[in-house]
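S.K.: Structure, please.
(one chain, ligands or ions: 1)
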Amino acid sequence: MSRVFNFSAGPATLPEEVLKRAQQELLEWNGLGLSVMEISHRDPEYVRIAQQAEQDLRDLMAVPDDYHVLFLQGGGRGQFSAVPQNIAGPEATVDYLDTGIWSGYAIREAKKFVGKVNVVGSTEQRAGGKAIMLPEQWQLSDNAAYFHYCPNETVDGIALHQIPEVNAPIVADMSSNILSEPLDVSKFGVIYAGAQKNIGPSGFAIAIVKQSLLGQPQSSLCSIMDYAIQAKDHSMYNTPNTFAWYLSGLVFEWLKAQGGLAAMGQQNRHKAALLYGFIDSSEFYHNHVHTDYRSIMNVPFQLVDDSLDERFLREAREAGLVGLKGHRFVGGMRASIYNAMPVAGVEALIDFMKTFERANG
Ligand code: PMP
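M.R.: Numbers count the residues shown, from 1 in each chain. Down below sits the predicted model:
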């Protein structure tokens, strides 16, 4: 059986070259006669690949020297509680922009740990579709310990393409858009991401943390989530997810070979333009997000007649296109087109959508 095109939002498709390399190396990694999962994380051979992965990520994202790059456990949601406990006091006020389902979860979690979570703004309906309130309308606090937002809402397919200009340190949940295009890391206090979309296996997370924000964690913070402790121990305070770290390293190597984030950004914008262009040209499919706020990673779309949804998904699967069912909260369809989705996958999806429309429109 050949591999299908997998549009799942996460765990998501990984580069085929990376999977083949991992397959080749699985039984006997690095000539050591064992797999990478079976070696101590303290072994110099393992430490070398862990360090290389960090260096490659630093190179790809041009991470400034005064930022820690941490490889953590607990996925994206783990960071929802790690962030307030690491960089805000129990009485602090923090600002959150609420742009969708994942922002909402982050807000609910933060409420457990700080004095006040101030929701500065949300989405709104505009003439062109669903949009995010303009920054002039945001109700920012004077004294926020940080400003949190989710630049790419995975479920809603809504994105904020400009980095906000606020006085507080910016924290960004980049679970579904990290590494998708070049980024000025120096504008952020903390960037975090669950790994299972653009990085590697699930259960793993990356946090990129500005050193100057650390030093006063809340006493409730567990040590494995403590950025300063993990930074001091090079993300090996406890046993890390060694396989996920290794595989993520292979993905970083692959990204460098593709030409880095400038090349990925170009390809990602091209893929998104193809898919949105087709959807907008059709009377049969719809996307309800305002063009200025459309995600280039997650493309939700609806069929005008939702009684055709099941047939669409079944026939897509038969055509080798899987993972297209929209999130259970919103229904419809969603095509996640992360870095590892080739242009050919998007073209195959559009071809299928055209054929389906002709047969059922
Ligand atoms: N944030 C965003 C934007 C996400 O898309 C997700 C997962 N889909 C999460 C956080 C949660 O990640 P995890 O399941 O790894 O905790």
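S.K.: ends of stretch 318-326, how far apart?
M.R.: 18 Å (C-alpha to C-alpha, to the nearest Å).
S.K.: For it, list every residue counted as buried.
M.R.: 319, 321, 323-326 (16 or more other C-beta atoms under 10 Å). (C-beta placed from N, C-alpha, C; glycine too.)
S.K.: can you check stretch 300-313 too?
M.R.: 300-303, 308-309, 312-313.
S.K.: Over to stretch 15-27?
M.R.: Quick answer for stretch 15-27 (16+ other C-beta under 10 Å): 15, 18, 22.
S.K.: Just the ones of these in helices?
M.R.: When DSSP state H is applied, the buried residues of stretch 15-27 are split such that 18, 22 fall in helices.
S.K.: Name the surrounding residues that touch the longest helix anywhere in the chain.
M.R.: Longest helix in the chain by number of residues (criterion: DSSP H): helix 260-281. Residues outside helix 260-281 that contact it (C-beta atoms under 8 Å, 6 or more residues apart in numbering): 59-61, 179-183, 255, 258, 285-287, 291, 294-297, 299, 301, 335, 337, 339, 341, 343, 346-347, 349-350, 353-354.
S.K.: The ligand: which of the buried residues of stretch 300-313 is nearest?
M.R.: Nearest to the ligand among the buried residues of stretch 300-313, counting by C-beta to the nearest ligand atom, is Pro300 at 12.9 Å.
S.K.: How far off centre is the host helix or strand of that closest one?
M.R.: Assigned by DSSP states H and E, Pro300 belongs to strand 298-303. Strand 298-303 sits 18 Å away from the centroid of its parent chain (C-alpha atoms, centre = their mean, to the nearest Å).
S.K.: What is the burial count for Tyr192?
M.R.: By other C-beta atoms under 10 Å, the residues close to Tyr192 number 25.
S.K.: who does it bridge with?
M.R.: Per DSSP bridges, residues listed as beta-bridge partners of Tyr192: Asp173, Ala207.
S.K.: quick one: contacts for Val83?
M.R.: 110, 146, 148, 171, 190, 192.
S.K.: Generate JSON lines for the buried residues of stretch 300-313, with pLDDT and distance to Tyr246 as supplementary columns.
M.R.: Converted to JSON lines, the buried residues of stretch 300-313 look like this (pLDDT from 0 to 100; distance: C-beta to C-beta, whole Å):
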{"residue": "Pro300", "pLDDT": "98", "distance to Tyr246": "33"}
{"residue": "Phe301", "pLDDT": "98", "distance to Tyr246": "36"}
{"residue": "Gln302", "pLDDT": "97", "distance to Tyr246": "39"}
{"residue": "Leu303", "pLDDT": "97", "distance to Tyr246": "41"}
{"residue": "Leu308", "pLDDT": "97", "distance to Tyr246": "43"}
{"residue": "Asp309", "pLDDT": "97", "distance to Tyr246": "39"}
{"residue": "Phe312", "pLDDT": "98", "distance to Tyr246": "37"}
{"residue": "Leu313", "pLDDT": "98", "distance to Tyr246": "34"}
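S.K.: Let me know how buried Thr239 is, in neighbour terms.
M.R.: 11.
S.K.: Next to the ligand, which bits of the stretch 1-150 of the chain? Give me the list.
M.R.: Taking C-beta under 6 Å from any ligand atom as the contact definition, the stretch 1-150 of the chain meets the ligand at 10, 75-77, 102, 150.
S.K.: and which of those is nearest Gln137?
M.R.: Cys150 (18.0 Å; C-beta to C-beta).
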